[in-house]
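# I would like to see how this sequence folds:
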Amino acid sequence: MTEVSIGLGKSARVGYGFDAISIVPSRRTRDPDQVSVAWQIDAYRFEAPILSSAMDSVASPQTVVEIGRLGGLGVLDLEGLWTRYEDPEPLYAEIAELPDDRVLDRIREIYAEPIKEDLIKERIRQIREAGVVAAGALSPQRTAEFYKAVLEAGVDIFVIRGTTVSAEHVSQRVEPLNLKKFIYELDVPVIVGGSYTYQAALHLMRTGAAGILVGVGGGAAHTTRSVLGIGVPMATVVADAAAARRDYLDESGGRYVHVIADGAMRTGGDIAKAIACGADAVMIGLPLARATEAPGRGWHWGAEVRHPELPRGVRFWAGTVGSLREIFYGPARDAEGTTNLVGALRKALATCGYSDLKEFQRVEVVVTR
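Predicted structure coming up:
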């Protein structure tokens, strides 16, 4: 483990982002049609290892269904506009037209509307009736309040997602969510995160989660690093979590917990690097916010922007690059790597001679700068 001296009283590990590494081809290559990029968690199999971020700019009931039909897993924010308003479309239009100096105040006002249990149930019902896997996300702070409504609605996969989620939260104000007890009592697989370190990842795995989210979350729409000073480069985050997964596999006698890289991925190359560093799947926001069907109308924002006291996010102009199908499977409209993400991942595996995602996690990488 490489450490550098910051000064006489402090040293630090060297961390790497995806931009700082490259994948090394091996001596063997394959035809892309002989490669599988399928991913399975619990009883659910997906033809693409892609989850949508639970962000209002990305996920509506309609886009969640379409992502499911394309072979990914769409995740709806159950604290977002779709569970606060019967018809949030006029609010999306308003957010898209807001001048920059009005965005923060107006978004806070919009999200001050209470979450409604009946809308949580209705949105999950819409997704289930479309015949795809239904996944919804709550923050740790809201999980105890709304999880019964989520389960009653028949959610298939439950996501507990925050900027940083700890298995050992300490609070004198409210009873903290006991993740281990909570997950043990549920009958559905749970994905929980985010996590930044080996130790935090290991602790979340011990809660009984089926998968853990690791990384920065909102990526381009996220300002946690500048507001709080907190952040770890993603290649290092994923590799540390993969080490925790390996050690927990031995500790638990064979229980495998999926590592899902969450955030800071803009292109197919970034997704391939996340898998190469040890991720089983990826959760992406910005690439899907660029879809013509995305509810954000080319704008991208996450849950952090609506915090009433200390917002840590922005409304970010993403633009549009193509339909969801084109973003997943092409054909690509340019050479920027923002469309045909699944094709790019498949090509990366084939070029390096690997037949599936688990094999590809063993590929060699080099630091490029």
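
# make it CA atoms for all contacts and neighbour counts henceforth
Fine.

# Low-confidence ranges, the stretch 101-250 of the chain, go.
Applying pLDDT under 70 to the stretch 101-250 of the chain flags the ranges 163-176, 217-226.

# all strands of it, in order?
135-138, 157-161, 190-195, 211-214 (DSSP state E, counting those that start in this stretch).

# now swap in the stretch 251-369 of the chain and tell me
Counting by DSSP E, counting those that start in this stretch, the strands of the stretch 251-369 of the chain are 258-262, 281-284, 299-300, 316-317, 365-367.

# Most tightly packed of the ones you listed?
Ranked by mean neighbour count, these are led by strand 258-262 with a mean of 29 (mean count of other Cα atoms under 10 Å).

# tell me the average confidence for that one?
Mean pLDDT, computed over strand 258-262, is 97.

# what packs against that strand?
For strand 258-262, the packing partners by 3 or more Cα pairs under 8 Å, 6 or more residues apart in numbering; DSSP states H and E come out as strand 211-214, helix 234-251, strand 281-284.

# That strand pairs with which strands, parallel or anti?
Take DSSP bridges as the rule and strand 258-262 pairs in its sheet with strand 211-214 (parallel), strand 281-284 (parallel).

# Need those in JSON lines (columns: distance to residue 353).
Listed next are the strands paired with strand 258-262 as JSON lines, based on distance: least, Cα to Cα, whole Å:
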{"stretch": "strand 211-214", "distance to residue 353": "27"}
{"stretch": "strand 281-284", "distance to residue 353": "19"}
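
# Looking at those strands, spot the one closest to residue 60.
Using Cα to Cα as the measure, strand 281-284 is the one of the strands paired with strand 258-262 that comes nearest residue 60, at 14.7 Å.

# How far off centre is the closest one?
Chain-centre distance of strand 281-284: 5 Å, with Cα atoms, centre = their mean, to the nearest Å.

# Other residues contacting it?
Contact with strand 281-284 is made by 39, 49-53, 258-263, 265-266, 271, 274-275, as judged by Cα atoms under 8 Å, 6 or more residues apart in numbering.

# The same query, at a cut-off of 6 Å, please.
Applying Cα atoms under 6 Å, 6 or more residues apart in numbering, the contact partners of strand 281-284 are 49-53, 260-263.

# Out of those residues, which is nearest to residue 64?
When the contacts of strand 281-284 are ranked by distance to residue 64 (Cα to Cα), residue 52 comes first, at 7.8 Å.

# how far away is the closest residue to residue 184 other than its chain neighbours from residue 137?
With sequence-adjacent residues excluded and distances taken as Cα to Cα, 6 or more residues apart in numbering, residue 184 is closest to residue 208, at 6.5 Å. Noted for residue 208: a distance of 17 Å to residue 137, by Cα to Cα, to the nearest Å.

# As JSON lines, the strands of the stretch 251-369 of the chain with distance to residue 86 would be great.
Formatted as JSON lines, those follow (distance: least, Cα to Cα, whole Å):
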{"stretch": "strand 258-262", "distance to residue 86": "29"}
{"stretch": "strand 281-284", "distance to residue 86": "26"}
{"stretch": "strand 299-300", "distance to residue 86": "21"}
{"stretch": "strand 316-317", "distance to residue 86": "25"}
{"stretch": "strand 365-367", "distance to residue 86": "48"}
